[in-house]
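**Q** okay, predicted coordinates and the sequence, questions at the end:
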Amino acid sequence: MINYTRVMEPQVQHEILRLLAGGQIWTNACIKRELRKALPLSPADRATANCRPNEGKWEELVNNALSPSRTNSLTARRYAETVEWGHHRITDAGRKKLEDDDMFAAGFHKAMASPEAEAFLRKLKDHHNLPLF
């Protein structure tokens, strides 16, 4: 079975912040090269972008994530800054966002592994007659 699920922009943004977390300046090309290895890219992600025939659809998400003209971009929200055209680095706000996201994820996974969560999921499964993950 082929997976056509696409990566989403929040996932791309999080991975960009993880790359930038070391504090060095990254070029768009270097970011894309590393994300190509880090993201679970499907054939749908690798399909040709609508507006840029030399890029994949996932690369559009990277461009959007770093574009200062998009209100939900890392740059517009001041999590990353463009130091010169095509060169980016993380800001203190970006480090805080990354830390908050990682703390939330750790807490969520801990909560989902709790006996209470397991009991809830079993009841839900039994109620809907579904397999438990």
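**A** Received the coordinates, thanks.

**Q** where does pLDDT dip in the chain?
**A** When residues are selected by pLDDT under 70, those of the chain lie in 1-4, 130-133.

**Q** hey, where'd the strands end up in it?
**A** Defined through DSSP state E, the strands belonging to the chain, from first to last, are 26-27, 80-84, 87-90.

**Q** deepest of those, which one?
**A** Most buried of these, by mean neighbour count (mean count of other CB atoms under 10 Å): strand 87-90, with a mean of 19. Every residue, glycine included, has its C-beta placed from N, CA and C.

**Q** for the protein, which helix is longest?
**A** If you go by DSSP state H, the chain has its longest helix at helix 92-112.

**Q** got the angle for that helix vs strand 80-84?
**A** With axes from the mean of the first three to the mean of the last three CA atoms, to 10 degrees defining the directions, helix 92-112 sits at 150 degrees from strand 80-84.

**Q** who are the packing partners of helix 92-112?
**A** Of the remaining helices and strands, those touching helix 92-112 by 3 or more CB pairs under 8 Å, 6 or more residues apart in numbering; DSSP states H and E are helix 9-20.
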